[in-house]
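Enquirer: Please find the sequence and the predicted model below.
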Amino acid sequence: MDKRIGWNLDSRQHATFNPLRPIAVRRSNTVLWSPFSKTDSQFRDSRARFLDENRMIGGPAINMRIFHRRFVLRAGVVALILIALWVIAIGPEPPSRIIISPDELVRAVTIQREALIDLCLMERVDPNGRDGQGRTPLLIATSQQDWKTARRLLDAGAVVDLGDKNGFMPVMAAAMHGDLEMFGLLLARSTNLEPEKPSADGQDLLSFALDGGHPEIIKTVEQRWPTMPEWTTSTRRALSRALQTGKNDEIRLLLSKHSAPPTPEGRNVPFLAYAIASSNVSLFSTLLNCGADPNTVLPSRCDKDFLALLPKGLRSYIEDDHNITMLMLASGLGQVDYLKALIEGGANRTRLTTRNKMSALDVAAETSHWRSAQILLGGGPAPDKLRVEISLAMQSVALVRDGKPIYHSRCSTGRSGYSTKRGEFVITNKERSHRSTIYHVEMPYFMRLSCLDFGMHAGYVPNYPASHGCIRLPEDTARKFFSEIPVGTLVTVQ
């Protein structure tokens, strides 16, 4: 049996379910009525009559349709939420931030991979990492003359005072390559610059600057150089360079940074002594004008090539004694102009040697440089103006003025075994009453010759040599000479 639930048709095309109004069901010729209906069917046997549309659309149907739509909408929203939760639950985790190690920045700078450098700096990677040799990215960049990357690393916080295992630092690299701008940047950011500190190969900052050859970098390093007692290889190089190029300001600066006198590379004798011994006026004047110490002393052991420049007599003094000053050296060589310059520069004329207690005047006298003796004494008449001439053969003495003898007298010189020395001497000091410390006799009006152990004085004057080496004069002659002949007067004995 065909069972149907009654339907209400609210239009000719659609029908809606209406549980209150069952539809009659026809079976063959018999109409069956729904047991749920409380009223008779509105349909006839012949055909079913459609109900009025306005009457068929009722409240319960509309409510059903609204409920249906809301249910579908809410179900869709719930479904979307469940799908989203499911995706979150089983989907992949979101990517985390990439962590780049400082080693990558070191590698990027080494191979000059700009894109990787950009990434590292963007990710703020520590710019002070090191490679196997202890090199930082900044040191690598400056060594490779990659100044652009070096500047970026500085902006990123690279420390400029970090060197490699050998002590080679970024500022050394900049000096070596002669880049003034980068050198200035590194110098400005340095907090612990030690320009004198050498690297493992013995080179310091000045050495690298000299290799680079940039004059401003060299001068800047020299200005930063600390005061030191001794000269280094690099400061000697710098001084030699300044001397060759005539840079007196650098010479003066370098001399002021050292308490010891400068010496040529591999030598013990100072430059100033070489200048005097070799008569190098230019070198001598430059050094002295730039502040070289006029009281410079020769070392206890002098270089062989220096000693070879000296005459034999002076060489023996220098080899046998110590504390030989530049004034003594110039005196013994008869270098009058150098002698004057040293005295004007403040050289001490009273200093004595260690062993023989000789002054510069003694050295001048021993080496028969009467003109040097006159300068050291502070003056003396020129020989063509005034001098004394003594003849050993004639046992006579003459006072010569303006080239003409103006006074003659007899004298007595050293007897056999005590011969009077021949040569040119100057009167170095006078004593009105002098007593010999050797023979313990009186020697009035004594006039010592060239600081030696003999001189002119009043005494017994026979017609033959009778003294122990001095020149004895009649008392009136001795008195006249003592009063009229000044210290520094040349005395010739022949």
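Expert: Ah, there it is.
Enquirer: which residues in the chain form strands?
Expert: Using DSSP state E, the strands assigned to the chain run over residues 7-8, 16-17, 25-27, 30-32, 386-391, 396-401, 404-410, 423-431, 446-449, 455-458, 471-473, 490-493.
Enquirer: pLDDT on the fifth one, on average?
Expert: In other words, strand 386-391. Averaging pLDDT along strand 386-391 yields 96.
Enquirer: List the buried residues for that strand?
Expert: L386, R387, V388, E389, I390 (16 or more other C-beta atoms under 10 Å). Every residue, glycine included, has its C-beta placed from N, CA and C.
Enquirer: Reformat those as CSV; add distance to V159.
Expert: Converted to CSV, the buried residues of strand 386-391 look like this (distance: C-beta to C-beta, whole Å):
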residue, distance to V159
L386, 77
R387, 77
V388, 79
E389, 81
I390, 81
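Enquirer: Could you chop this protein up by domain?
Expert: Taking automatic domain parsing as the reference, the chain has its domains at 1-61, 261-379, 386-493.
Enquirer: before we move on, back to that, which one of the buried residues of strand 386-391 is nearest R472?
Expert: Closest approach to R472 among the buried residues of strand 386-391 (C-beta to C-beta): I390, at 11.0 Å.
Enquirer: beta partners of the closest one?
Expert: Beta-bridge pairing for I390 (DSSP bridges): V397, V493.
Enquirer: quick one, what contacts it?
Expert: S396, V397, A398, C411, T413, T420, I471, V491, T492, V493, Q494 (C-beta atoms under 8 Å, 6 or more residues apart in numbering).
Enquirer: Could you dump these into JSON lines with distance to M122, pLDDT and neighbour count added?
Expert: Shown next, in JSON lines, are the contacts of I390 (distance: C-beta to C-beta, whole Å; pLDDT from 0 to 100; neighbours: other C-beta atoms under 10 Å):
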{"residue": "S396", "distance to M122": "106", "pLDDT": "96", "neighbour count": "13"}
{"residue": "V397", "distance to M122": "102", "pLDDT": "97", "neighbour count": "24"}
{"residue": "A398", "distance to M122": "102", "pLDDT": "96", "neighbour count": "18"}
{"residue": "C411", "distance to M122": "104", "pLDDT": "97", "neighbour count": "25"}
{"residue": "T413", "distance to M122": "102", "pLDDT": "97", "neighbour count": "24"}
{"residue": "T420", "distance to M122": "98", "pLDDT": "95", "neighbour count": "21"}
{"residue": "I471", "distance to M122": "99", "pLDDT": "96", "neighbour count": "26"}
{"residue": "V491", "distance to M122": "93", "pLDDT": "96", "neighbour count": "24"}
{"residue": "T492", "distance to M122": "94", "pLDDT": "96", "neighbour count": "17"}
{"residue": "V493", "distance to M122": "95", "pLDDT": "96", "neighbour count": "19"}
{"residue": "Q494", "distance to M122": "97", "pLDDT": "93", "neighbour count": "10"}
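Enquirer: and the two most separated of these?
Expert: Farthest-apart pair in these is A398 and T420; separation 15.9 Å (C-beta to C-beta).
Enquirer: Could you single out the most deeply buried of the domains of the chain?
Expert: domain 261-379 (a mean of 19; mean count of other C-beta atoms under 10 Å).
Enquirer: starting at the chain centroid, how far to that domain?
Expert: Taking C-alpha atoms, centre = their mean, to the nearest Å, one finds the center of domain 261-379 at 33 Å from the center of the full chain.
Enquirer: just stretch 441-455 next, same as before
Expert: On C-alpha atoms, centre = their mean, the centre of stretch 441-455 falls 59 Å from that of its chain.
Enquirer: Straight-line length of that stretch, end to end?
Expert: Chord length of stretch 441-455, first to last residue, is 14 Å (C-alpha to C-alpha, to the nearest Å).
Enquirer: Compare the domains of the chain and give me the one nearest Q112.
Expert: For Q112, the closest of these is domain 261-379, at 38.9 Å, according to C-beta to C-beta.
Enquirer: who are the neighbours in contact with P261?
Expert: P270, F271, L272, A292, D293, T296.
Enquirer: circling back: now the domains of the chain in a markdown table, with distance to D201?
Expert: As requested, the domains of the chain are exported to a markdown table (distance: least, C-beta to C-beta, whole Å):
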| stretch | distance to D201 |
| --- | --- |
| domain 1-61 | 103 |
| domain 261-379 | 17 |
| domain 386-493 | 54 |
